[in-house]
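A.B. asks: Attaching a predicted model along with its sequence, questions to come.
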Amino acid sequence: MDMATEMISRVGIVGAGQMGAGIAEVCARAGVDVLVAEATRELAAAGRARILRSLDRGVSSGKLTEREREQAAWRLRFTDDLADFADRQLVVEAVVEDVAVKTAVFARLDEVIDDPVAVLASNTSSIPIMTLAAATAHPDRVIGLHFFNPVPVLPLVELVTTSDTAESISERAESFAHDVLGKQVVRSGDRSGFVVNALLVPYLLSGIRMVESGFATAADIDKAMVLGCAHPMGPLKLADLVGLDTVKAIAETMYDEFAEPLYLPPPLLVQMVDDGHCGKKSGEGFYRYDEASAS
Ligand SMILES: CC(=O)CC(=O)SCCNC(=O)CCNC(=O)[C@H](O)C(C)(C)COP(=O)(O)OP(=O)(O)OC[C@H]1O[C@@H](n2cnc3c(N)ncnc32)[C@H](O)[C@@H]1OP(=O)(O)O
């Protein structure tokens with residue numbers, strides 16, 4: 001077996017926020033050894049607690065046995081030092097949607113990991129993968145693997161390659177997402193927003209503009225899209241789920257790339273984020289959430 005087709009059994013996840021925790025959880029549930037990096041011990045503890053709560057939820061809804069929960073929890077380890085990622089065969093970066101922070105992570109991962117067929121993936125929603133690849137000396141190993149929230153529930157992964165990504169790396173990443181994690185993969189060109197957010201973000205922003213203008217309430221807009229279009233949730237509730245800070249960051253990146261007014265974050269969104277109302281994870285957005293549901 002050549003190295004590029006060797007089964008991936010050791011992954012690293014950078015960031016244990018909403019997305020990083022979800023990705024770490026599905027990897028651990030799939031039987032993979034998972035090392036999660038967070039900046040501080042406190043953030044690592046919060047990330048671990050978030051994953052354990054979600055595993056508990058899996059047990060209470062009958063999707064996991066107690067034993068599977070225990071085994072998944074046992075496969076998860078945490079560190080605050082990316083140097084510990086030297087033996088990882090695949091890393092998914094899931095830190096804040098900020099180019100400077102992400103490029104610093106990629107530069108560091110590239111230094112730490114020598115394996116030429118290790119996959120360095122980003123879960124970015126909107127930053128072109130080439131921007132991250134350019135921060136490394138080995139852009140052929142860099143790829144986008146974009147998951148959807150809640151990661152344990154939604155089956156899609158967008159696979160984003162650049163003109164520099166080696167075909168063996170994209171095949172390895174695709175096989176991991178599909179064969180190991182059981183996700184469905186679509187391939188996307190390397191443009192800000194990829195497939196899903198290019199369509200979703202203007203829709204979410206239009207919903208926010210509708211609330212802003214007083215045209216309809218958040219509850220009525222959501223009810224309209226759930227009952228009128230059979231969406232599982234309406235745009236305001238979905239914006240709260242994604243995180244209003246994340247929606248704003250994605251919109252800004254897309255606006256920077258395309259200069260289309262439809263991507264410009266509406267003042268109401270900016271105001272809510274400035275006020276710390278970032279949606280479900282912060283306890284308040286277009287709706288209020290109690291502490292248990294916010295995590
Ligand atoms: C911005 C980006 O870059 C990318 C993105 O993530 S875009 C956002 C994409 N996400 C979406 O569009 C989400 C749309 N919404 C949904 O799919 C659904 O409303 C939802 C799954 C979030 C909740 O569904 P619901 O029916 O209202 O609630 P609920 O009954 O609690 O959950 C449905 C199932 O999902 C499971 N579930 C919900 N949230 C979960 C979580 N965080 N972790 C694990 N399982 C979860 C529940 O256990 C339940 O499973 P069963 O049906 O087997 O019991």
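C.D. replies: Happy to help now that I have it.
A.B. asks: just the strands in the chain please.
C.D. replies: Counting by DSSP state E, the chain has strands at residues 10-14, 33-37, 76-79, 90-93, 119-122, 142-147, 156-160, 184-188.
A.B. asks: Pull up the pairing partners for the second one, direction included.
C.D. replies: Okay, so that is strand 33-37. Under the criterion DSSP bridges, strand 33-37 sits next to strand 10-14 (parallel), strand 76-79 (parallel) in its sheet.
A.B. asks: Next, the buried residues of the shortest one.
C.D. replies: By neighbour count on 16 or more other CB atoms under 10 Å, the buried set for strand 76-79 is 76, 78. Yep, even glycine has a C-beta here, placed from its N, CA and C like the rest.
A.B. asks: now the strands paired with strand 33-37 in CSV, with mean pLDDT and distance to residue 22?
C.D. replies: What follows is the strands paired with strand 33-37, written out as CSV (pLDDT from 0 to 100; distance: least, CB to CB, whole Å):
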stretch, mean pLDDT, distance to residue 22
strand 10-14, 98, 10
strand 76-79, 96, 13
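A.B. asks: Dump those strands into JSON lines; add distance to residue 248 as well.
C.D. replies: As requested, those are arranged in JSON lines below (distance: least, CB to CB, whole Å):
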{"stretch": "strand 10-14", "distance to residue 248": "22"}
{"stretch": "strand 76-79", "distance to residue 248": "29"}
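A.B. asks: quick one: residue 13 and residue 23 touch, right?
C.D. replies: Yes. Here residue 13 reaches residue 23: they are 5.5 Å apart, a contact under CB atoms under 8 Å.
A.B. asks: what about the two, which has more around it?
C.D. replies: Of the pair residue 13 and residue 23, residue 13 is the one with more neighbours under other CB atoms under 10 Å, namely 31 against 26.
A.B. asks: Who is that one paired with across the strands?
C.D. replies: According to DSSP bridges, beta-bridge pairing links residue 13 with residue 36, residue 92.
A.B. asks: pretty sure residue 263 is touching residue 251, no?
C.D. replies: Yes. Using CB under 8 Å, residue 263 makes contact with residue 251 at a distance of 5.3 Å.
A.B. asks: Dig out what residue 184 forms beta bridges with.
C.D. replies: Applying DSSP bridges to residue 184 gives these bridge partners: residue 156.
A.B. asks: Contacts only, for it.
C.D. replies: 155-157, 178 (CB atoms under 8 Å, 6 or more residues apart in numbering).
A.B. asks: Out of those residues, which two sit at the greatest distance?
C.D. replies: With CB to CB as the measure, no two of the contacts of residue 184 lie farther apart than 156 and 178, at 11.2 Å.
A.B. asks: Please identify every residue contacting each of these two.
C.D. replies: Common neighbours of residue 156 and residue 178 (CB under 8 Å, 6+ apart) are 184-185.
A.B. asks: hey, what's in contact with both of residue 13 and residue 23?
C.D. replies: What both residue 13 and residue 23 touch, as defined by CB under 8 Å, 6+ apart, is the set 92, 94.
A.B. asks: I figured residue 285 was touching residue 246, is that so?
C.D. replies: No. Between residue 285 and residue 246 there is no contact under CB under 8 Å: 11.2 Å.
A.B. asks: Who has more neighbours out of these two?
C.D. replies: residue 285 (26 against 23).
A.B. asks: contacting residues for that one?
C.D. replies: Residue 285 makes contacts with 236, 239-240, 244, 272, 277-279, as judged by CB under 8 Å, 6+ apart.
A.B. asks: Helices - which of these land there?
C.D. replies: 236, 239-240, 244, 272 (DSSP state H).
A.B. asks: circling back: by neighbours, which of the contacts of residue 184 wins?
C.D. replies: residue 157 (26 neighbours).
A.B. asks: any idea of the pLDDT on that residue?
C.D. replies: Looking at residue 157, its pLDDT is 98.
A.B. asks: for residue 294, same thing?
C.D. replies: In this model, residue 294 is scored at 55, pLDDT.
A.B. asks: give the contact list for residue 205.
C.D. replies: 247, 251, 262-266, 269.
A.B. asks: Have a look at those and tell me the least confident one.
C.D. replies: residue 262 (93).
A.B. asks: before we move on, back to that, right, and the pair among the ones in helices among the contacts of residue 285 with maximum separation?
C.D. replies: 236 and 272, at 10.9 Å, using CB to CB across those.
A.B. asks: Would you mind naming what in the stretch 51-200 of the chain lies close to the ligand?
C.D. replies: 54, 57, 61, 63, 125, 148-150, 152-154, 197, 200 (CB under 6 Å from any ligand atom).
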